[in-house]
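In: Structure, please.
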Amino acid sequence: LSATYVSAEDERFGLSAGATRFLPKPVEVDDLVAAVADAVTGQSIRPVLSDNDFYMGYRERLETKLQHKGHQLTRGRQQLAGLPEHERGTYSRLLEETQEEYDEIQRELAALVKVMRAL
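Out: As a prediction, this is how the structure comes out:
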């Protein structure tokens, strides 16, 4: 299940990494039950990526997400500058949340790079 990784590229990567199904949130209960049943019965078993291929694919996904968040921040800062003062508070908080998400992706990416260097 993913609410963060929802693009077609994310789905392809998840499936190539060994997922039996890719379910972006929100998910229908019937789809979830079917996915769990498939996983339990061993249906739809796929070959798993090598560690190197997995890490490279995950790194690409994180870099894409980081780039997207960076664009969101740039646009958000530009929009904030043009807002009347009374509208800036709420928008500033949303921008702060986006910055926190950007920072978290950066931390994940840095940790992943350390793991990859250790291989």
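
In: ok, the closest residue to Leu49 other than its chain neighbours - contacts?
Out: Nearest residue to Leu49 in three dimensions, chain neighbours excluded: Ala17, at 5.3 Å (CB to CB, 6 or more residues apart in numbering). Every C-beta, even on glycine, is put in place using the N, C-alpha and C of the backbone. For Ala17, the contact set (CB atoms under 8 Å, 6 or more residues apart in numbering) comprises 48-49, 54, 57-58.

In: So Leu73 sits against Gln99, correct?
Out: Yes. Assessed by CB atoms under 8 Å, Leu73 is found in contact with Gln99 at 6.3 Å.

In: per-residue confidence at the residue nearest to Leu49?
Out: pLDDT recorded at Ala17 is 75.

In: Now do it against Tyr55, distance only.
Out: Per CB to CB, to the nearest Å, Ala17 is found 10 Å from Tyr55.

In: for Glu63, same thing?
Out: Distance, Glu63 to Tyr55, by CB to CB: 12 Å.

In: Ok, Arg75 next?
Out: Note on Arg75: its distance to Tyr55, by CB to CB, is 30 Å.

In: Among those two, which residue is more densely surrounded?
Out: Tyr55 (16 against 12; other CB atoms under 10 Å).

In: Which segments of the protein make up each domain?
Out: 8-41, 51-118 (automatic domain parsing).

In: Flag whichever of those domains has the least confidence on average.
Out: Lowest mean pLDDT of these: domain 8-41, a mean of 76.

In: Just the terminal-to-terminal distance for it.
Out: Distance across domain 8-41, first residue to last, is 26 Å (CA to CA, to the nearest Å).

In: got the buried residues for it?
Out: Buried residues in domain 8-41, counted by 16 or more other CB atoms under 10 Å: 10-11, 13-14, 19-23, 35.

In: In those residues, find the pair that's most separated.
Out: Maximum pairwise distance among the buried residues of domain 8-41 (CB to CB): 17.3 Å, between Phe13 and Ala35.

In: All the helices of this protein, in order from the start?
Out: Using DSSP state H, the helices found in the chain span residues 8-16, 29-41, 51-81, 88-118.

In: so how far is Gly70 from Ser92?
Out: 18 Å.
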